[in-house]
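1. sequence unknown, structure follows:
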């Protein structure tokens, strides 16, 4: 029996189930995390929100407030003009644990 939901946090959608850890973009307000539930699947039972499901709640717990991702390197180059530019950054994430789907 496969039970999962599709939630929206910070404008992005994630397919999660109970006990799963996810990385989301850095959240500014960690005291009030309320993911919107867009889809609920429990075996053969499927509920689709229009646009969200209000009766299904997902309880999340913050594991790590600030976690840095892999370094992303950006290299811009223009031919025949000796123009080269190198930029690099590390994205910041928040690690969440999906505790309960009810």
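-> Noted; the coordinates are in hand. Quick caveat, the model's predicted, so the values are computed rather than measured.
2. tell me the helices in the protein, going along the chain?
-> With DSSP state H as the definition, the chain shows no helices.
3. tell me the centre residue of it?
-> residue 24 (3.5 Å; CA atoms, centre = their mean).
4. if I pick it, what's in contact with it?
-> By CB atoms under 8 Å, 6 or more residues apart in numbering, the residues touching residue 24 are 9, 10, 12, 14, 93, 94, 96. For glycine as for every other residue, the C-beta is placed from the backbone atoms N, C-alpha and C.
5. again, 6 Å this time
-> Counting by CB atoms under 6 Å, 6 or more residues apart in numbering, residue 24 touches 9, 10, 94.
6. try residue 38
-> 6, 8, 49.
7. which among those gets closest to residue 79?
-> residue 8 (42.1 Å; CB to CB).
8. Report pLDDT for the most far-flung residue of the chain relative to its centre.
-> Here the centre of the chain is the reference, and by CA atoms, centre = their mean the most remote residue is residue 80, at 41.7 Å. At residue 80, the pLDDT value in this model is 95.
9. The one 5 residues further on now?
-> Here the pLDDT value assigned to residue 85 is 97.
10. Show me what it is bridged to.
-> Note on residue 85: beta-bridge partners residue 76, judged by DSSP bridges.
11. Residue 9 too?
-> residue 12.
12. In this structure it contacts residue 35, no?
-> Yes. Contact criterion CB atoms under 6 Å: residue 9 and residue 35 qualify, at 4.9 Å.
13. related to what we said a few turns ago, contacting residues around the residue farthest from the centre of the chain?
-> Contacts of residue 80 by CB under 6 Å, 6+ apart: none found.
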